[in-house]
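> when you get a sec, could you give me coordinates for this:
(chains A and B)
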Amino acid sequence: MAKRLLLEDQISRNKRNTVIICALMFILLFGVISVMGYIWFGEPLYATVIGIPIALVYILMSYRFSVEAVIKASGARPVDLSVRQEKLLDNKVEELCIASGLPKPRVYIQDTQDINAFATGKKPENSVVCVTMGALEKLTGEELEGVLAHELAHIQNRDVLLATVTIGVVGSIALISEILLRSFLWGGGSSREGKHIYLILLGILFAILAPIFAHMTHLAISRKREYLADASGAHMTRNPGGLASALEKIQKSVPVKPKGSKTVASLYISNPFSRSKKSSFWSTHPPTDERIERLRNM
Amino acid sequence: METILIAVAAVLFLVISVYYYNKIVRLENRIDNSWAQIDVQLKRRADLIPNLMEAVKGYMKHEKTVLENVTKARSALMSAKTPQESIDADNMLTGALKSLFAVSENYPDLKASQNFLQLQDELTTTENKVAYSRQHFNDSVLLFNNTIEAIPGNLFAKLMGKKEREMLKAEEADRKVPKVSF
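Predicted coordinates:
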């Protein structure tokens, strides 16, 4: 990817890709439901009665996962405005919010030496930006600004909401496939006779593969949104170099496992649980080198 | 059949009109709102100056011109009427403050004062806020202008009597946010 892309083009391209991948995910969900319908009732559309409620419940369940829960799990604390360094951080966040027209999120600090940051909140009015002490101490003003803008861009692009919904869809695809496979094991399905054996085998294969694909599409969305947040963050600060050099620093630093569960890994600016340089279908973030290159080319 | 077609076309036209009307109104309000934001920051900045003067006057008795320039720029800012006038006065104030902070390097007692440090931080952040709110203003103007110049927005803009808005011009010197050295 040596091609030079305009910032606006990067933004719109990443948005379009997200829509395509999301559509793919819903097709997958619809596919599992249809297979279930065909195998159980001999009619693909019949199973929507069971499938759609399952999916809805799952999405609602993942929707309930709240800002407070994430903050609590990460062990972060609110900024202390009487400390100059933290007051300056709070100022920076407020400045960038003015640049983007966002309401100011609450600012939290995680007391760890790792350089990292994350944002959470399903809507801009109630969201949190959290920065590690390491980032506050080791990054220069411009670098910190780049990192904060990236996080605010996640809030502006409603990435947490998107992730919540996709996690819900992935979960329901997994659950429906599981039910299907179990029903095969126990010989469920009242009217098996009269159906083509190959079609049934194909259905089983689909039920096995669908959850894997679903998980992969979820991760692909997560990676696209990282690029998008990098680009919209750069638009906010008008300075892509700041974030690029912050990412270089992060790459060189030794990662320290943060408190909190792996489920929030995709929220961080750089995945704190794995910092491999290779891109793979299993990463929540795009490779850092590629991100730096794109920022440098803006 | 024909009547149905006409009805569908009419409804479609109505929906598109409402969409564009609302969009243009929303974008224009956003411009006014972002101007208000600049204004808030400029006022805040002007309000901080007397405190700063109070804090430094005991120390900087011999820097008359520096202090006068700041006061002058402040009153220009207070009396500015048009957006461009305010912005120009603000640029003047930025320059005056820059020399004030540069001179303050010669007064270790002043630099050690907690009050002065806080005012300096406060002025720095308002300065950045002014710069960012101007950027947001220009972004909003660009979006508005793009909408009312492109098809079919231009038709609706004409009907609503909306004209292109003007962006705030940035001077070469203030493209980069001035950094106050600590």
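> so which strand or helix has A:L152?
helix A:141-156 (DSSP states H and E).
> buried residues, that helix. List them.
A:142-156 (16 or more other Cβ atoms under 10 Å in any protein chain shown). Using the backbone N, CA and C atoms, a C-beta is placed for each residue, glycine as well.
> any stretches of the stretch 151-298 of chain A with poor pLDDT?
A:186-196, A:254-267, A:272-281 (pLDDT under 70).
> so stretch A:96-107, near chain B or not?
Yes. Shown here: stretch A:96-107 in contact with chain B (Cβ under 8 Å from any Cβ of the partner chain) through A:96, A:98-101.
> which one of the residues you listed sits closest to chain B?
Nearest to chain B out of the residues of stretch A:96-107 next to chain B is A:A99 (Cβ to the nearest Cβ; 3.7 Å).
> wait, that closest one sits on B:H136?
Yes. Between A:A99 and B:H136 a contact is recorded at 5.6 Å, counting by Cβ atoms under 8 Å.
> roughly how far does A:G241 sit from chain B?
Distance, A:G241 to chain B, by Cβ to the nearest Cβ, to the nearest Å: 13 Å.
> helix/strand/coil for the residue nearest to the spatial centre of chain A?
By Cα atoms, centre = their mean, the mean C-alpha position of chain A lies nearest to A:S222, the distance being 3.9 Å. Under the three-state scheme (DSSP: H, G, I helix; E, B strand; the rest coil), A:S222 adopts helix.
> tell me the spacing between it and chain B.
As defined by Cβ to the nearest Cβ, A:S222 lies at a distance of 27 Å from chain B.
> what does A:Y38 give?
Going from A:Y38 to chain B by Cβ to the nearest Cβ gives 37 Å.
> who touches the lowest-mean-pLDDT helix or strand in chain B?
When each helix and strand of chain B is scored by mean pLDDT, DSSP states H and E, helix B:108-112 comes last, with a mean of 85. Residues from elsewhere that reach helix B:108-112, judged by Cβ atoms under 8 Å, 6 or more residues apart in numbering or on different chains: B:55-56, B:59-60, B:104-105, B:116-117.
> hmm, try it at 6 Å
B:59, B:104, B:116 (Cβ atoms under 6 Å, 6 or more residues apart in numbering or on different chains).
> quick one: low-confidence parts of chain B?
Checking chain B against pLDDT under 70 turns up B:170-182.
> so what's B:E28 closest to, chain neighbours aside?
B:F144 (6.0 Å; Cβ to Cβ, 6 or more residues apart in numbering or on different chains).
> just the buried residues of the helix or strand harbouring the one you found, please?
Using DSSP H and E, B:F144 falls within helix B:114-149. Within helix B:114-149, the residues that count as buried by 16+ other Cβ under 10 Å are B:116, B:119-141, B:144-145, B:147-148.
> outside of stretch A:118-134, which residues touch it?
Against stretch A:118-134 from outside (Cβ under 6 Å, 6+ apart): A:67, A:70, A:76, A:93, A:102-103, A:105-108, A:110-117, A:151, A:154-155, A:160-161, A:267-268.
> repeat that for 7 Å
The contact list for stretch A:118-134, computed with Cβ atoms under 7 Å, 6 or more residues apart in numbering or on different chains, reads A:67, A:70-71, A:74, A:76, A:89, A:93, A:102-103, A:105-117, A:148, A:151-152, A:154-156, A:160-161, A:164, A:264, A:267-269.
> ditto for stretch A:50-70
Stretch A:50-70 has contacts (Cβ under 7 Å, 6+ apart) with A:29, A:33, A:36, A:120-121, A:126-128, A:164-165, A:167-169, A:171-172, A:175-176, A:264.
> ok, now which ones touch A:A244?
Neighbours of A:A244 in contact, by Cβ under 7 Å, 6+ apart: A:292, A:295-296.
> show me the strands in chain A, by range?
Taking DSSP state E as the test, the strands found in chain A are A:77-78, A:106-110, A:117-120, A:128-132.
> got the angle between the second one and strand A:128-132?
With axes from the mean of the first three to the mean of the last three Cα atoms, to 10 degrees defining the directions, strand A:106-110 sits at 30 degrees from strand A:128-132.
> outside of strand A:106-110 itself, which residues are in contact with it?
Outside of strand A:106-110, the residues within contact range by Cβ under 7 Å, 6+ apart are A:71, A:74-79, A:86, A:89-90, A:93, A:128-133, A:258.
> let me see the mean pLDDT of it.
Across strand A:106-110, the average pLDDT comes to 94.
> got the angle for it vs helix A:141-156?
Interaxial angle, strand A:106-110 versus helix A:141-156 (the same axes, to 10 degrees): 120 degrees.
> could you dump strand A:106-110 to CSV, C-alpha only?
C-alpha atoms of strand A:106-110 as CSV (Å, rounded to 0.1, in the frame of the first residue of the first chain):
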residue,chain,number,x,y,z
ARG,A,106,-14.8,12.3,31.2
VAL,A,107,-11.0,11.9,31.4
TYR,A,108,-9.5,8.9,33.3
ILE,A,109,-6.0,7.8,34.1
GLN,A,110,-4.7,4.3,34.4
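> partner strands of that strand, parallel or antiparallel?
strand A:77-78 (antiparallel), strand A:128-132 (parallel) (DSSP bridges).
> any chance of CSV for these, columns distance to A:S283 and mean neighbour count?
Converted to CSV, the strands paired with strand A:106-110 look like this (distance: least, Cβ to Cβ, whole Å; neighbours: other Cβ atoms under 10 Å in any protein chain shown):
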stretch, distance to A:S283, mean neighbour count
strand A:77-78, 29, 13
strand A:128-132, 21, 26
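> got TSV for those, with mean pLDDT too?
Shown next, in TSV, are those (pLDDT from 0 to 100):
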stretch	mean pLDDT
strand A:77-78	94
strand A:128-132	93
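> show me where the chain has its helices.
Assuming you mean chain A. Along chain A, counting by DSSP state H, helices occupy A:7-41, A:48-63, A:67-74, A:84-100, A:133-138, A:141-156, A:159-185, A:197-237, A:240-252, A:288-296.
> not quite, go with chain B.
According to DSSP H, the helices that chain B contains are B:2-57, B:64-79, B:83-104, B:108-112, B:114-149, B:153-160.
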